Structure formats: C-alpha cells, structure tokens
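Colleague: below is the sequence, then the predicted model.
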Amino acid sequence: MARSTSSTKTEKINYFEDFEEGQEFEHHWGRTINEGDNSLFSTLTMNANPTYFNADYAGDLGHNGVVANHLLAFNVVFGMSVQDLSEAGGAFLGVEGLKFHETVYPGDTLYADSEVLSKRESESRPHQGIVHWYTKGTRPDGELVLEYERKNLIGKREYNEEGGQ
C-alpha cells in the first residue's frame, strides 16, 4: 500500500485564554546538538571562546572535548518551547534568571519543559495578555542543564479569530 503524499495543516497555537497558572508543558521530541551546530552557531555569533572549538584547550580545562556553546544550548531549549507557548505572536518581554547548571557537549540531547507561573490582562493592550513561564532544559535522564523564566504578550483568541492584530 502506497503512503499518502498529501499533507494537512495543523495549527497548534495557544492563545492567552488557553494558559492557566500551574499548567505544565512537555515540549516536543527534543534536539541533539551536534558539532556542526556548535561550530556554526559560535562562528555566526562571533564567539571566540576556545572551549567551543578547540578540543585540546577544552581538555586542558577538564572537559571531555569541545563544549557546546552555552547560548546555543539556551536557544535550543527556548526554541522547543515556542510552539506551545508563544507561537501566537506578541512581543517578547525578556528572559530572567537564566542559570546554566551542567556543561553541554556536542552529541547531548536536550529536552524542554515549561510551567505557567502567572498570567494577567495587559493594561495597555486589551487584545493581549502577559504570560509568565518557567522553562527548564534537561538531558534524557532528567538532569537539569539550564533554567530560566520568560514573559510574552500573547494574543487573545477572539481578537485573532476576527483577524485583528
């Protein structure tokens, strides 16, 4: 039997009304960071820290090889959370309390989980609200690699269904 080559669009957008304090999200399938990711990210961001591209140097500091760029690890975890948390759009209001707990190496797979800490109506934008999340990045065994909090303006369903902005 032949596989279907047709596709269907599936929208997975959460609007302001969909979030509840204490709600937890286990974000999609995870992401393995490879050496190419690390080298390209470090080069494009002009990060000259030799632990990100020199195995001998990293080894002299006690690492098991080249270290994955810390901001790459952060961006991988952050990126996994977008589909569930902020894909509906709205202004990104920043990251707070970013903490790196464990070194990440090329070959490590990271997973992301988030919890809604709070939400409130926007005083200046009645068509949006502010949602505050806590997100953690872990290895497959649950070891905490990094954690942070972030906030976004998130559109309200009724306004988005009417086609407004």
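Modeller: Looks like it came in fine. Keep in mind that this is a model prediction, so the values were computed, not measured.
Colleague: name the nearest residue to the residue nearest the centre of the chain, sequence neighbours excluded.
Modeller: Of all residues in the chain, the one closest to the mean position by C-alpha atoms, centre = their mean is Phe78, 1.3 Å from it. Excluding its sequence neighbours, the residue lying closest to Phe78 (C-beta to C-beta, 6 or more residues apart in numbering) is Thr135, at 7.3 Å. Bear in mind the C-beta positions are built from the backbone N, C-alpha and C, glycine included.
Colleague: which phi and psi does the residue nearest to the centre of the chain have?
Modeller: Backbone torsions of Phe78, given as degrees, to the nearest 10, read phi -60, psi -50.
Colleague: who's in contact with the residue nearest to Glu35 when sequence neighbours are not counted?
Modeller: Closest residue in space to Glu35, ignoring its immediate chain neighbours: Pro106 at 4.3 Å, by C-beta to C-beta, 6+ apart. Pro106 sits next to Ile33, Asn34, Glu35, Asp37, Asn38, Gly65, Val66, Ala68 when contact means C-beta atoms under 8 Å, 6 or more residues apart in numbering.
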